[in-house]
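> structure for this input, please:
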Amino acid sequence: MSASVSTRPPTSTRTYALTDSWTMTRRELTHWARQPVQVVVGLVFPVMLLLMFGYLVGGGRDVSGRYVDYLVPGMLALTMAFGLEGTMLAVTQDLNKGVIDRFRSMPMANGAVLVGRSVADMLQSVLSLTVMIGVGYAIGWRAHGGVAGFLGAVGLLLLFRFAMLWIGIHLAMVAGKPELVQAVQILVWPVGFLSNAFATADSMPDWLGTVVEWNPMSHTATAVRDLFGGPGGEPGHVWAAVAWPLALLAVFFPLAVRRFGALSK
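A predicted model of the protein is given here:
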């Protein structure tokens with residue numbers, strides 16, 4: 001078996017890797033049908049936050065223009081930061097049940113399990129964005145940046161999610177147990193709320209505003225606002241909204257792959 005694998009041409013190896021990754025993706029999507037409540041909760045929670053801040057809490061200090069045009073892009077960025085616990089729990093559960101060990105004993109491309117999990121998460125993220133954008137339009141938000149700006153904003157949001165996802169996958173394998181995921185998940189809340197998702201950094205105390213401006217999610221939210229043509233957007237933040245996620249991926253993607261490769265050692 002090892003000899004046949006080693007003599008496969010590169011094209012064949014890549015084909016097997018893609019096939020194995022898609023098989024793992026289908027496995028994760030099957031879980032959606034078996035656990036629809038979890039999927040629905042993941043979709044409804046950011047909608048509740050949007051409506052709560054838009055109608056009950058929203059004030060938008062120092063926001064020029066309509067607050068809903070400022071709030072919705074920030075909530076889209078926040079949605080991409082939240083909801084990682086589902087992926088993290090799935091990884092730790094597979095670890096503790098020996099599922100990953102069984103997969104690794106099969107003639108399967110190394111890392112296909114993680115790739116399949118990440119693809120399924122990104123598909124759910126696309127669904128979440130679709131729902132949130134639909135709700136945003138229902139409450140009066142509009143994108144004024146044209147088709148190119150709209151697609152660019154969605155691309156930045158998904159890039160941010162992809163970076164957050166691999167941070168979550170790595171931390172899940174470090175935690176190792178589902179009960180520890182709850183503690184790790186708490187770390188997402190400061191990232192989400194110490195940002196400009198709900199209010200401008202200028203409306204905050206100087207020290208807090210500095211923290212908010214350095215938050216990678218703030219760069220994504222500001223860049224997305226600019227691409228959508230709404231208040232609070234600044235063109236100069238687009239490069240940072242690309243650079244930050246790529247830097248995080250450069251660190252946590254290899255860490256996750258290395259951690260996964262060391263599981264059987």
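> which parts of stretch 254-265 are buried?
For stretch 254-265, the neighbour count (16 or more other C-beta atoms under 10 Å) marks 255-257, 259-260 as buried. Yep, even glycine has a C-beta here, placed from its N, CA and C like the rest.
> sorry, wrong one. I was asking about stretch 176-195.
Result for stretch 176-195 [16+ other C-beta under 10 Å]: buried residues 178, 181, 184-185, 188, 191-192, 194-195.
> same check on stretch 135-147?
Neighbour counts over stretch 135-147 (16+ other C-beta under 10 Å) mark 135-136, 141, 143, 145 as buried.
> kindly export that stretch (C-alpha atoms) in CSV.
Provided in CSV are the C-alpha atoms of stretch 135-147 (Å, rounded to 0.1, in the frame of the first residue of the first chain):
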residue,chain,number,x,y,z
VAL,A,135,-32.6,40.8,7.5
GLY,A,136,-30.5,43.9,7.0
TYR,A,137,-32.5,44.7,3.8
ALA,A,138,-35.7,44.0,5.7
ILE,A,139,-34.9,46.6,8.3
GLY,A,140,-33.9,49.3,5.9
TRP,A,141,-30.2,48.8,5.3
ARG,A,142,-28.9,49.2,1.7
ALA,A,143,-25.6,48.6,0.0
HIS,A,144,-24.6,51.6,-2.1
GLY,A,145,-21.1,50.4,-3.3
GLY,A,146,-22.2,48.6,-6.5
VAL,A,147,-21.8,44.9,-7.4
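> residues making contact with that stretch?
Stretch 135-147 has contacts (C-beta atoms under 8 Å, 6 or more residues apart in numbering) with 47, 50-51, 54, 66, 68-69, 71-72, 75-76, 149-150, 152-153, 226-230.
> that older thread, let's have the buried residues of stretch 254-265 in a markdown table, adding pLDDT.
Output for these, formatted as a markdown table (pLDDT from 0 to 100):
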| residue | pLDDT |
| --- | --- |
| Leu255 | 91 |
| Ala256 | 88 |
| Val257 | 84 |
| Arg259 | 85 |
| Phe260 | 81 |
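> and those residues as TSV, adding distance to Phe162 and secondary structure?
Conversion of those to TSV gives the following (distance: C-beta to C-beta, whole Å; DSSP: H, G, I helix; E, B strand; the rest coil):
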residue	distance to Phe162	secondary structure
Leu255	15	helix
Ala256	12	helix
Val257	14	helix
Arg259	18	helix
Phe260	17	helix
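> which strand or helix spans Ala183?
Assigned by DSSP states H and E, Ala183 belongs to helix 178-185.
> what's that helix packed up against?
The helices and strands touching helix 178-185, judged by 3 or more C-beta pairs under 8 Å, 6 or more residues apart in numbering; DSSP states H and E, are helix 85-96, helix 146-175.
> could you dump those into a markdown table with mean pLDDT added?
Formatted as a markdown table, these follow (pLDDT from 0 to 100):
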| stretch | mean pLDDT |
| --- | --- |
| helix 85-96 | 80 |
| helix 146-175 | 93 |
